[in-house]
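Enquirer: Whatever this is, show me its structure:
(one chain, ligands or ions: 1)
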Amino acid sequence: MKKPLIIISFIIGLYMVIPTLLVKVFSIGVTKKGGISNAVALTFDDGPNPLFTPQLLDLLGEHQIKATFFVVGAKAEKYPEILKRINEEGHEIGVHHYKHISNWLLGPVAYQRNLSESINAIHNITGKKPLYYRPPWGHFNIFSLFFRRNLKIIMWSHISQDWKVHKGEMELYDKLKQVDAAGDIILLHDCGETFGADREAPAFMLSALERFIIERKAKGVQFMTVTSLIEPKNT
Ligand SMILES: [Zn+2]
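Expert: Residues are numbered from 1 along each chain as shown. Below you'll find the model as predicted:
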């Protein structure tokens, strides 16, 4: 390999591959699970969405479940009433960048701007500063792993490709049934507008989620916010 290629590979590795590997393989600096048995935290990324987020809030309200939403700052500003509703109904709100851009494509300045703009958007609308951060696609660079304005990074222990329509309601439900409910943090999406997702996918997610909630509640599983799951003494 020629020298410039070696240098470029080294820089790319140091900037994004190594931080992402540290998280994915060794869980360095991130939380993927809580410590309460027979409990789960539902988390929803990529919203708010004017069609699906209100339906999701109705579903959660019907079953008296509090969840955690990782919102895109620009969408929060576009739909402030939905963000207010999320907050007023007792759910938690975390940062999922101001625009849905991977950290692999952001330099340090653009990354910091994305974070600040998201924090400000959420704070301006709800009056609350977010506590948690989940980067789009779970991608990290060296800055997003270590310089994140005191935000705690929340990843997930269960993911089910709910952003794709081809998974359908029953296949998604089958995936959700694999959750062992021992402090799992479940990742779902209430918006299908991001790159690689299907616009109508949240409709199937909502149906599968309702089945999952009914089945698990019947078995005594508790549904809670990320804070209640990972810091039960503080809630
Ligand atoms: Zn996302």
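
Enquirer: From here on, just use CA atoms for contacts and neighbour counts.
Expert: Noted.

Enquirer: Mind listing what's buried along the helix or strand of the chain with the lowest mean pLDDT?
Expert: In the chain, the helix or strand scored least confidently by mean pLDDT, DSSP states H and E is helix 3-12, which has a mean of 77. Going by neighbour count (16 or more other CA atoms under 10 Å), nothing in helix 3-12 comes out as buried.

Enquirer: Please save the CA atoms from it in CSV.
Expert: C-alpha atoms of helix 3-12 as CSV (Å, rounded to 0.1, in the frame of the first residue of the first chain):
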residue,chain,number,x,y,z
LYS,A,3,2.2,5.8,2.0
PRO,A,4,-0.6,8.4,1.5
LEU,A,5,-3.2,5.5,1.5
ILE,A,6,-1.8,4.2,4.7
ILE,A,7,-2.0,7.7,6.3
ILE,A,8,-5.6,8.2,5.1
SER,A,9,-6.7,4.8,6.4
PHE,A,10,-5.1,5.5,9.7
ILE,A,11,-6.9,8.8,10.0
ILE,A,12,-10.2,7.3,9.1
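
Enquirer: So which residues make contact with that helix?
Expert: Residues outside helix 3-12 that contact it (CA atoms under 8 Å, 6 or more residues apart in numbering): none.

Enquirer: Stretch 24-34 now?
Expert: 22-23, 40, 145, 152-157, 182-185, 226, 229-230.

Enquirer: in the following helix or strand past the least confident helix or strand of the chain, what's buried?
Expert: Per DSSP states H and E, helix 3-12 leads on to helix 18-26 as the next helix or strand towards the C-terminus. Under the neighbour-count criterion of 16+ other CA under 10 Å, helix 18-26 has Pro19, Thr20, Val23, Lys24 buried.

Enquirer: would you list those in CSV and tack on distance to Lys3?
Expert: Compiled in CSV, the buried residues of helix 18-26 are given as follows (distance: CA to CA, whole Å):
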residue, distance to Lys3
Pro19, 24
Thr20, 25
Val23, 29
Lys24, 30
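
Enquirer: before we move on, the earlier item: between the least confident helix or strand of the chain and helix 18-26, how big is the angle?
Expert: 50 degrees (axes from the mean of the first three to the mean of the last three CA atoms, to 10 degrees).

Enquirer: count of residues packed around Ile82?
Expert: 21 (other CA atoms under 10 Å).

Enquirer: ok, Leu131 touching Phe70?
Expert: No: the pair Leu131 / Phe70 is not scored as a contact, 10.6 Å apart, by CA atoms under 8 Å.

Enquirer: and the closest residue to the ion within the chain, how many neighbours does it have?
Expert: Closest contact between the chain and the ion, by CA to the ion, is at Pro136 (4.2 Å). Look at Pro136: counted by other CA under 10 Å, it has 20 neighbours.

Enquirer: on that earlier part again, neighbour count winner among Leu131 and Phe70?
Expert: Phe70 (27 against 17).

Enquirer: Quick check: the more buried one vs Ser116, distance?
Expert: 15 Å (CA to CA, to the nearest Å).

Enquirer: and if you look at Ala208?
Expert: From Ala208 to Ser116 the distance is 35 Å (CA to CA).

Enquirer: Compare these two (neighbour count), which wins?
Expert: Using other CA under 10 Å, the more surrounded residue of Ala208 and Ser116 is Ala208, with 22 against 17.

Enquirer: wait, isn't the more buried one in contact with Tyr173?
Expert: Yes: with contacts counted by CA under 8 Å, Ala208 reaches Tyr173, the gap being 4.8 Å.

Enquirer: Show me what from this protein comes close to the ion.
Expert: Asp46, Pro136 (CA under 5 Å from the ion).

Enquirer: just to revisit the earlier point, how much distance is there from the least confident helix or strand of the chain to the middle of the chain?
Expert: 32 Å (CA atoms, centre = their mean, to the nearest Å).
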